[in-house]
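S.K.: Have a look at this prediction, sequence included:
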Amino acid sequence: MISIKKIEHIICAYSEEGDSQNSNCKRLIEQAVKKTLQSEAVDTLCVVGVLMTDDETIRDYNLEYRTVNEPTDILSFPMQSFARPGWVGLKDKEFDESTGELPLGDIVISIETVKRQATEFENTIEYETAYLIVHSTLHLLGYYHDNEKNEKIMHEKTKAVMREMGFIVDDQ
């Protein structure tokens, strides 16, 4: 009999507005990150930080790191290198020596933009949040949509996790 060890990844979702107002959103974010890591068979204890913020703050990050002076929906800050996309492509694991955990990266998401986009795309706020977090977590795992082939791969992987989370019930 094969024994499969369950990994409990550490997802640090926090908000500038305080903990009590965003507990449902934090749970959804944690679930989306964990489902994405599970879908990629990540077998090492990873840490992902997620900052839920507003358009003004994410604009500042976007300007500083991408030289784009406007808000965006989500930003990914990977902390690991990948020879190719996905967990099997991880080159050198850079563990936190004091904890033994692998810091995978950070995500910054604008809840203001999420709400606007949910209305624009006729999605729920929960769907839009989960979709963006799954997409961003894939970026932390080395996936990019820099060409048509890679965009299709990311789209299919995002769709699969969204289906696993119950957001997609048919082949939309």
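M.R.: Received, thanks. Numbers count the residues shown, from 1 in each chain.
S.K.: low pLDDT regions in this protein?
M.R.: 1-7, 16-22, 170-172 (pLDDT under 70).
S.K.: Please enumerate the strands of the protein.
M.R.: 10-15, 46-53, 74-78, 102-110 (DSSP state E).
S.K.: Pipe those into TSV and attach mean neighbour count and distance to residue 147 per row.
M.R.: C-beta here means a position set from N, CA and C on the backbone, and glycine is covered the same way. Converted to TSV, these look like this (neighbours: other Cβ atoms under 10 Å; distance: least, Cβ to Cβ, whole Å):
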stretch	mean neighbour count	distance to residue 147
strand 10-15	19	30
strand 46-53	22	26
strand 74-78	18	18
strand 102-110	22	22
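S.K.: quick one, which of those is nearest to residue 157?
M.R.: For the strands of the chain, proximity to residue 157 was assessed by Cβ to Cβ; strand 74-78 is nearest, at 14.3 Å.
S.K.: Which residues does that closest one contact?
M.R.: Contacts with strand 74-78, where a contact means Cβ atoms under 8 Å, 6 or more residues apart in numbering, come from 58, 61-62, 65-66, 104-110, 132-133, 135-137, 139-140, 142.
S.K.: Could you do stretch 44-53 as well?
M.R.: Looking at what lies outside stretch 44-53 - Cβ under 8 Å, 6+ apart - the contacts are 7-17, 22, 25-26, 29, 33, 37, 93, 96, 100-111, 133, 137, 140.
S.K.: Understood, closing this out.
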